[in-house]
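A.B. asks: quick one, fold the following:
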Amino acid sequence: MGNPYRPAVPHLTTALTGPLQKIESHLLTYQPSIERWFRSQWQQSPAPFYGSVDLRNAGFKLAPVDTNLFPAGFNNLNPAFLSLSVQAVQATIERVCPNAGGVLVIPENHTRNMFYFESLAALVEILSMAGLRVRIGSLLPDLHEPRTIELASGRSIILEPLIRRGNKISVSDFDPCIVLLNNDFSSGPPAILENLEQPIIPPLSLGWWRRLKSSHFAHYHRVATEFAGLVHIDPWLINPIFRKCGKIDFQKREGEECLANNIEEVLDGMQAKYREYGIDQEPFVIVKADAGTYGMAIMTVKSPDEVRDLNRKQRTKMAHLKEGQAVTDVLVQEGVYTFETWGATNAVAEPVVYMIDRFVVGGFYRVHTERGPDENLNAPGMRFEPLAFAGPCCYPDPYQAPDSNPNRFYAYGVIARLALLAAARELVDAAKTAVAKDTETPPAMSLDTHK
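C.D. replies: So this is what the prediction gives:
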């Protein structure tokens, strides 16, 4: 008989489960060692304030495909675990600024995206319940007085014009201790946020105007290799192969051969692994902009010839990002199938795990009824299922099967934390670069890229 106090768990189907059960079994066997290892890693590389990680579960492979350091979607988390988020914020604030009383949130410059505003309201609620005074300082150029936005959930948010006085920013009579960014600044940081006395979290340098996915996955490659040695598995089972291709101009058809060659390399590497593990699937790659979000400038490719024959519509789609930013560098990433499906319609689903600091606070499934297991699900028509996680993804159940829901969700939490650790190392590198720049010394050499 089921536990009547446990929230409902969605019905999920995973078509291929063999090797993944082996991964999950390894994680259960090594759980104490895993948690000790994570503790030591966080001491060396403190986690970013928050983040979300998109995972893909192919049955034979479980890997992250994207890591967002300015996440939206807090409204999609299971409200039953709100306390986890609140406790994580309290612990994080004590480390970042122990005397903090007020937080100023800088949101994206949306004006009509009600889903984003619902997420913003949920984030404000979490911060407020953690004992912080919270205000929202907007960068909208036409905002000259407070603007209240009523939401379908019954909540409301107030956007206020941002003010700078000396080396501090505020809204009205509010004097915040911390500035929390929920804006990825794809087109670059505004001058009003530069050289502030107040701590800015996450730092401006982690915005998409500077951060690159290829750098993140180079860090993740090393993290996954270290971790795989700990639990004695092939790193490929948790790590997507990738290559970076720069100097692309889709409109002028420049850089196509570079792109085609890198696609061929990744496909060849995948095919070798598929043969090794007896996987009867067609390899594919995802070509995506090396910076950016919102599921823009992404395509699925199964042959190098496909990028030599892009039509005008496809080239236009790949040429620009959010706010019209041109795509000049792309990531060629191993495509990881998602064989999890949701509900009676067998809609393709992928887990998204949310973390505040080093703590997993929940997640949900991104579901798309019109996309296949080899396609990007972060696209119009997607929806979210907030009751996906029956627990906080932190505690496995050794008395259940390796692929049972608590243990699968624990596995998701582990892989997501590996991606967050890679982001933490990015943060350390960014801090070192900033110090080097301030002292007018050459920045440290970047780490080797994934090979």
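A.B. asks: find the nearest non-adjacent residue to residue 224, please.
C.D. replies: Take residue 224 and drop its neighbours on the chain: the residue closest to it by C-beta to C-beta, 6 or more residues apart in numbering is residue 239, 4.0 Å away. Any C-beta I mention is one placed from the backbone N, CA and C, and that applies to glycine too.
A.B. asks: burial measure for that neighbour, as a count.
C.D. replies: 24 (other C-beta atoms under 10 Å).
A.B. asks: equivalent analysis for residue 247, please.
C.D. replies: Neighbours of residue 247 under the rule other C-beta under 10 Å: 10.
A.B. asks: show me what contacts it?
C.D. replies: Contacts for residue 247 (C-beta atoms under 8 Å, 6 or more residues apart in numbering) come out as 254, 255, 258, 328, 329.
A.B. asks: ok, those residues vs residue 217, which is closest?
C.D. replies: residue 329 (13.1 Å; C-beta to C-beta).
A.B. asks: right, and the closest one touches residue 249 too?
C.D. replies: No. Assessed by C-beta atoms under 8 Å, residue 329 is found out of contact with residue 249, at 10.8 Å.
A.B. asks: that older thread, take the contacts of residue 247 and keep only those in helices.
C.D. replies: Using DSSP state H, the subset of the contacts of residue 247 located in helices is residue 258.
A.B. asks: residue 310 in helix, strand or coil?
C.D. replies: At residue 310, secondary structure determined by DSSP: H, G, I helix; E, B strand; the rest coil is coil.
A.B. asks: and the pLDDT at residue 133?
C.D. replies: Listed pLDDT for residue 133 reads 96.
A.B. asks: do the same with residue 341
C.D. replies: Note on residue 341: pLDDT of 78.
A.B. asks: work out for me the element the most centrally placed residue in the chain sits within.
C.D. replies: The chain has residue 67 as the residue nearest its centroid, 2.4 Å off, counting by C-alpha atoms, centre = their mean. For residue 67, the element it lies in under DSSP states H and E is strand 62-68.
A.B. asks: re earlier: and the buried ones among the contacts of residue 247, selectable in PyMOL?
C.D. replies: With 16 or more other C-beta atoms under 10 Å as the criterion, this PyMOL line picks the buried residues out of the contacts of residue 247:
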select buried, resi 255+258+328+329
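A.B. asks: quick one: low-confidence parts of the stretch 201-350 of the chain?
C.D. replies: For the stretch 201-350 of the chain, applying pLDDT under 70 flags the ranges 293-295, 321-324.
A.B. asks: the residue lying closest to residue 179 once chain neighbours are set aside and residue 376, how far apart?
C.D. replies: Counting by C-beta to C-beta, 6+ apart, residue 200 is the residue found nearest to residue 179 once chain neighbours are left out, at 4.7 Å. In this view, residue 200 and residue 376 are 31 Å apart by C-beta to C-beta, to the nearest Å.
A.B. asks: same check on residue 113?
C.D. replies: Using C-beta to C-beta, we find residue 113 at a distance of 20 Å from residue 376.
A.B. asks: neighbour count for these two, which is higher?
C.D. replies: Higher neighbour count among residue 113 and residue 376: residue 376, with 19 against 13, using other C-beta under 10 Å.
A.B. asks: that one: what secondary structure?
C.D. replies: Put simply, residue 376 is coil when judged by three-state DSSP.
A.B. asks: next one: residue 349
C.D. replies: strand.
A.B. asks: how far away is it from residue 235?
C.D. replies: The gap separating residue 349 from residue 235 is 25 Å, by C-beta to C-beta.
A.B. asks: who has more neighbours out of those two?
C.D. replies: Legend: neighbour count by other C-beta under 10 Å for residue 349 and residue 235, higher for residue 349 (26 against 15).
A.B. asks: pLDDT score for residue 107?
C.D. replies: Among the per-residue scores, residue 107 holds a pLDDT of 97.
A.B. asks: isn't it right up against residue 135?
C.D. replies: No. Assessed by C-beta under 8 Å, residue 107 is found out of contact with residue 135, at 11.2 Å.
A.B. asks: between the two, who's got more neighbours?
C.D. replies: Neighbours were counted for residue 107 and for residue 135 using other C-beta under 10 Å; residue 107 has more, 24 against 19.
A.B. asks: any idea what that one is bridged to?
C.D. replies: Beta-bridge pairing for residue 107 (DSSP bridges): residue 182.
A.B. asks: what residues are up against it?
C.D. replies: Going by C-beta under 8 Å, 6+ apart, residue 107 touches 116, 120, 136, 138, 159, 182, 183.
A.B. asks: switch the cut-off to 7 Å
C.D. replies: Residue 107 makes contacts with 120, 136, 138, 182, 183, as judged by C-beta atoms under 7 Å, 6 or more residues apart in numbering.
A.B. asks: kindly report the same for residue 298.
C.D. replies: By C-beta under 7 Å, 6+ apart, residue 298 lies in contact with 286, 288, 376.
A.B. asks: what pairs with the second one across the strands?
C.D. replies: Read it as residue 288. Here residue 288 sits in beta bridges with residue 298, residue 331, going by DSSP bridges.
A.B. asks: neighbours of it, just the number please.
C.D. replies: Using other C-beta under 10 Å, the number of residues around residue 288 comes to 23.
A.B. asks: re earlier: which SS class is the closest residue to the residue nearest to the centre of the chain other than its chain neighbours?
C.D. replies: What sits nearest to residue 67 in space, not counting adjacent residues and going by C-beta to C-beta, 6+ apart, is residue 419, at 4.7 Å. At residue 419 the chain is in helix, as set by three-state DSSP.
A.B. asks: gap between residue 419 and residue 229?
C.D. replies: As judged by C-beta to C-beta, residue 419 and residue 229 stand 18 Å apart.
A.B. asks: the two: who's more crowded?
C.D. replies: More crowded of residue 419 and residue 229, by other C-beta under 10 Å: residue 419, with 28 against 10.
A.B. asks: got a list of what that one touches?
C.D. replies: 53, 64, 67, 220.
A.B. asks: phi first, then psi, for residue 367.
C.D. replies: Here is the backbone geometry of residue 367 (degrees, to the nearest 10): phi -120, psi 140.
A.B. asks: let me know the pLDDT of it.
C.D. replies: Note on residue 367: pLDDT of 88.
A.B. asks: please apply the same query to the one 10 residues further on.
C.D. replies: We have a pLDDT of 83 for residue 377.
A.B. asks: that one touches residue 369, doesn't it?
C.D. replies: No. When contacts are counted by C-beta atoms under 7 Å, residue 377 is not listed as touching residue 369 (10.2 Å).
A.B. asks: between those two, who's got more neighbours?
C.D. replies: Counted by other C-beta under 10 Å, residue 377 and residue 369 do not tie: residue 377 has more neighbours, with 23 against 13.
A.B. asks: contacts only, for that one.
C.D. replies: Taking C-beta under 7 Å, 6+ apart as the contact definition, residue 377 lies against 348, 350, 366, 368, 371.
A.B. asks: thinking again about what came up before, and of the contacts of residue 247, the nearest to residue 125?
C.D. replies: residue 329 (37.4 Å).
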